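Engineer: test case, fold it:
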Amino acid sequence: MGLTLARQQRDNGNWRVRIDLPNPLVGEQQITNYLRTGKWKFVVCPPGIEAKDFQFYAIQNINPLPILNVNQGTWNVNMLTIYRGMLNQLLNCHMHNYNETLNIPNEPGVYLFIHDNQPT
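Structural biologist: Numbering: from 1, shown residues only. Next up, the predicted model:
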């Protein structure tokens, strides 16, 4: 979306990251509006499946905009058959509007954001 981030170290050593605008809330509102006009799909990971591992498989196979997925790690190739089925489930599941995301289970899984327009 063309927004840059500013990092400021706090007294306790932690970092504060904000949108680098005179009023960061303006940028936050732009991001919120974009997210509210998109759709969401999700698949909950069954017990024993690490969500982050499946996430890396999904990113590699869906190949979304690389600027939005800078953290592209490796995944366990021994899980290929299971991950193929889970990816098929993710791609073919119902799309949810922003307001419906409140009903999405708060469980480990992979959540896919879909939008007709690239962020600007």
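Engineer: show me the domain layout of this protein.
Structural biologist: Under the assignment automatic domain parsing, the domains of the chain span 1-36, 38-120.
Engineer: so residue 109 sits right up against residue 43, yeah?
Structural biologist: Yes: A contact is recorded between residue 109 and residue 43 when judged using Cβ atoms under 8 Å, the distance being 5.5 Å. Every C-beta, even on glycine, is put in place using the N, C-alpha and C of the backbone.
Engineer: which one's more surrounded, those two?
Structural biologist: Neighbours per residue (other Cβ atoms under 10 Å) separate residue 109 from residue 43, with residue 43 holding more: 22 against 18.
Engineer: redo the domains of the chain as JSON lines? Include mean pLDDT.
Structural biologist: Output for the domains of the chain, formatted as JSON lines (pLDDT from 0 to 100):
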{"stretch": "domain 1-36", "mean pLDDT": "89"}
{"stretch": "domain 38-120", "mean pLDDT": "88"}
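Engineer: and those domains, which is most packed in?
Structural biologist: Looking across the domains of the chain with neighbours counted as mean count of other Cβ atoms under 10 Å, the highest average goes to domain 38-120: a mean of 13.
Engineer: give me the distance from that domain to the chain's centre.
Structural biologist: Relative to the centre of its chain, domain 38-120 is centred 8 Å away, using Cα atoms, centre = their mean, to the nearest Å.
Engineer: do stretch 32-49 as well
Structural biologist: Per Cα atoms, centre = their mean, the centroid offset for stretch 32-49 relative to its chain is 7 Å.
Engineer: which residues does it contact?
Structural biologist: Contacts with stretch 32-49, where a contact means Cβ atoms under 8 Å, 6 or more residues apart in numbering, come from 1, 51, 54, 79, 82, 86, 89-91, 93-98, 100-101, 104-105, 107-115, 119.
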